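Visitor: return atomic coordinates for the entry below.
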Amino acid sequence: MSNGSKAEKKAHVGDRRNFLKGTLAGAACVLGFPTIIPASALGAEGTTAPSDRITLGCIGVGRQGTGDMRGFLQHDDVRVVAICDVQETARKAAKALVDARNGDKSCATYNDFRELLGRKDIDALLMATGERWTPYIGIEAARLGKHMYYEKPCALTVENAKAIRAAVKQSGVVFQFGAQQRSSQYFRFACELVRNGKIGQLKTIAIASSGGGGRLQPEAPKDPPPGFDWDMWLGPAPWVPYSDLRTSVYWLRISDYGLGNLAGGWGIHDLDIAQWVNNSDDTTPISVEGTGTLYDDIRDTVATYDIEHTYANGVKIKFMDGGTARRQFTQFGPGNSDVLIGTEGWIWVSRDGIKTQPESLIREIIGPNDKHVIGGSDFTQEAILTGSSATLHAAAGGDHRTNFLDSIRTGRPNVSPVDVAAHDEMIAQMADIAVRLKRKLHWDPVKEEFIDDEQANRRLAKTARGPWRTEVPDASGTA
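Guide: Numbering: from 1, shown residues only. Got it, this is the predicted structure:
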C-alpha cells in the first residue's frame, strides 16, 4: 500500500485486484486460448484474492508475538510475508508456521528489523519486541507508512510514548494497541453499563493485577546460545552479560526493559480498562500516591503495591496487586480483574466473566439510543449470561485483529489507537514514580509532566545506548 491517506490505502487494495483481473484477461487474449483463473486468485465467494490481502511483517516472534501471529494466520485476507527476530530458533519456528499456512517457502526471515522495514511490499506490521524496542521500530515504521498492530506497553518512558504518538499522528497510519480486553464482550458490556449510568455515578475503579512472587536465585552470566544476537536483543538498553534468566519471562520485571507488574506484566491491561470506563482516553489522572515494595533479585521493578490515581472528575483508580486487592475488596476472587463501583451498584469484570450488584444489571439491554463504545453492543445477551462467548470476541464476529484490519481497509476508527497507548503508559509511569519517590505527585495532563517537581520529571526519560533515538522528524524532515 502507498503511504497516502486511509482512503487511498483502502482504494489501493482494490486497485491491485482490478489490475490482476485485467492482466490475466489480457494474457488470455494475447495467447489465443482460454485461461482458467483459480477462484482464489479473483476472490470467489468464501475466498480472498491475493491482490486484496494485507501483507504482514512480524517483528518479535517470541511467546507473545507468536501467539499474535497465529491469530493473524487465521485471517484469509492476510498473508504473512516476513519475520524478524534476534533469535534464530524463534525465526525458524515462526517461519515453519507461516510456511505451513501459506503452502510455500516464500516467507523471508531477518535478524535486523531495518531490513524488513525496507520492504515496500509490506502493508502492516505485528510488533511484539518489548517496550525497550517498540518505540524505535514504530517511529521508523510510521515514517515508512506501515500500519501497526503494536503489542503493549507502547514505550519504556513517557518521552518514548510521546514520540511514537507524534510519529503515528504525523503519518496517518492505523495503530492498534494490544489492549485486547477492549475486544472482549464482557469488558464492552461493563463499560457501556457504566457510561449509561446503570450503577449511578462512577466513583472508584478497583484493580486486582499481577504482583508478588518469591525471590529468584542468582545465575552466573554465560555466552548467548548460537544464533542469538545478544547485542541486538539489548538494543537501546544498557549492556550487561547474557543469562538465561534475563531473557526468560522475567525480563518483563527488569527496569531496563519494562515496568513489570505495573505495565507489561499485566497492569497496563487493567489501567486501560479504567481509562475506557471513565471515558478518559484523551486525558490522564491529575494525581497519584501509593506504597509498594520492589523485587531485590535480577528483577528491580515494583512487586506489591497499593496505588491511588485521581481524575479531575473525582473518580479514583485503586491500583493494587491481587493479594492487596482481595484484602480490601470482597468482590475480588482469584485472578486479575476490575471492580467498577458507583453510587447505585457495582460491576466485577474479568476475561472470564462479569457479575453485577444488583444482579438485575446483568440483564440490562443497551439500546440503540444509548451510549456505545466503538464496536460495542454487537454481543448477544445470551452470550453474556451463559459465558459462552470467546474472551477476545470483537464487533462483527471478529477480534482485536479484525478491528485492526477493518480500520486499514475502511478508514473507520479502531478501538485502541495511539492516544490510548500513550496515556496508558503515562498512568503506569506515574504509579511507578510515586512508589519509588514515596510521596504524592501532581500531574499536568496538558503538559504531560509533573507539576513543579524536577525530581519526578527526571524519571520521564532515559538515555538510550548506542545510536538509538526516538526523535520524530518535523514536516521538513528535520529531527
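Visitor: C-alpha only now, for contacts and for neighbours.
Guide: Will do.
Visitor: is it correct that residue 322 is in contact with residue 336?
Guide: Yes. In this structure, residue 322 sits in contact with residue 336. The criterion is C-alpha atoms under 8 Å, and the distance is 6.7 Å.
Visitor: the strands in the stretch 201-350 of the chain, which residues?
Guide: Ranges of strands within the stretch 201-350 of the chain are 202-209, 287-294, 302-310, 316-321, 337-342, 345-350, based on DSSP state E, counting those that start in this stretch.
Visitor: one step back: common neighbours of residue 322 and residue 336, please.
Guide: Each of 208-210 lies in contact with both residue 322 and residue 336 under the rule C-alpha atoms under 8 Å, 6 or more residues apart in numbering.
Visitor: quick one: contacts for residue 469?
Guide: By C-alpha under 8 Å, 6+ apart, residue 469 lies in contact with residue 136.
Visitor: cool, residue 263 as well?
Guide: With contact taken as C-alpha under 8 Å, 6+ apart, residue 263 is in contact with 153, 269, 425, 428.
Visitor: residue 214 versus residue 176, what's the distance?
Guide: The span separating residue 176 from residue 214 equals 35 Å under the rule C-alpha to C-alpha, to the nearest Å.
Visitor: no, scratch that, I was asking about residue 315
Guide: Residue 315 sits at a distance of 34 Å from residue 214 (criterion: C-alpha to C-alpha).
Visitor: so between these two, which is more surrounded?
Guide: residue 315 (19 against 8; other C-alpha atoms under 10 Å).
Visitor: make TSV out of the contacts of residue 263 and add distance to residue 56, neighbour count and secondary structure.
Guide: Supplementary listing: these in TSV, determined by distance: C-alpha to C-alpha, whole Å; neighbours: other C-alpha atoms under 10 Å; DSSP: H, G, I helix; E, B strand; the rest coil:
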residue	distance to residue 56	neighbour count	secondary structure
153	21	30	coil
269	25	23	helix
425	26	30	helix
428	30	24	helix
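Visitor: of the residues you listed, closest to residue 434?
Guide: Within the set of those, residue 428 lies nearest residue 434; the separation is 10.1 Å, counting by C-alpha to C-alpha.
Visitor: surely that closest one touches residue 269?
Guide: No. Contact between residue 428 and residue 269 fails when scored by C-alpha under 8 Å: they sit 10.4 Å apart.
Visitor: any weak-confidence spans in the protein?
Guide: For the chain, the stretches flagged by pLDDT under 70 are 1-51, 375-398, 472-479.
Visitor: for the stretch 251-400 of the chain, which segments count as helices?
Guide: Along the stretch 251-400 of the chain, the stretches classed as helices by DSSP state H, counting those that start in this stretch are 267-277, 322-328, 381-386, 400-410.
Visitor: and for residue 137, the neighbour number?
Guide: For residue 137, the neighbour count with other C-alpha under 10 Å is 19.
Visitor: quick one: name whatever helix or strand follows the helix or strand harbouring it.
Guide: Secondary structure here is read from DSSP states H and E; on that basis residue 137 sits in helix 134-143. Going down the chain from helix 134-143, the next helix or strand is strand 147-150, by DSSP H and E.
Visitor: name the helices or strands packed onto that following strand?
Guide: Strand 147-150 is packed against strand 124-127, helix 134-143, strand 175-177, helix 400-410, with contacts defined by 3 or more C-alpha pairs under 8 Å, 6 or more residues apart in numbering; DSSP states H and E.
Visitor: contacts for it?
Guide: Applying C-alpha under 8 Å, 6+ apart, the set of residues contacting strand 147-150 from outside is 123-128, 134, 138, 141, 173-178, 401, 404, 408.
Visitor: filter these down to the buried ones, PyMOL style.
Guide: When burial is assessed using 16 or more other C-alpha atoms under 10 Å, the buried subset of these is captured in PyMOL by this command:
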select buried, resi 123+124+125+126+127+128+134+138+141+173+174+175+176+177+178+401+404+408
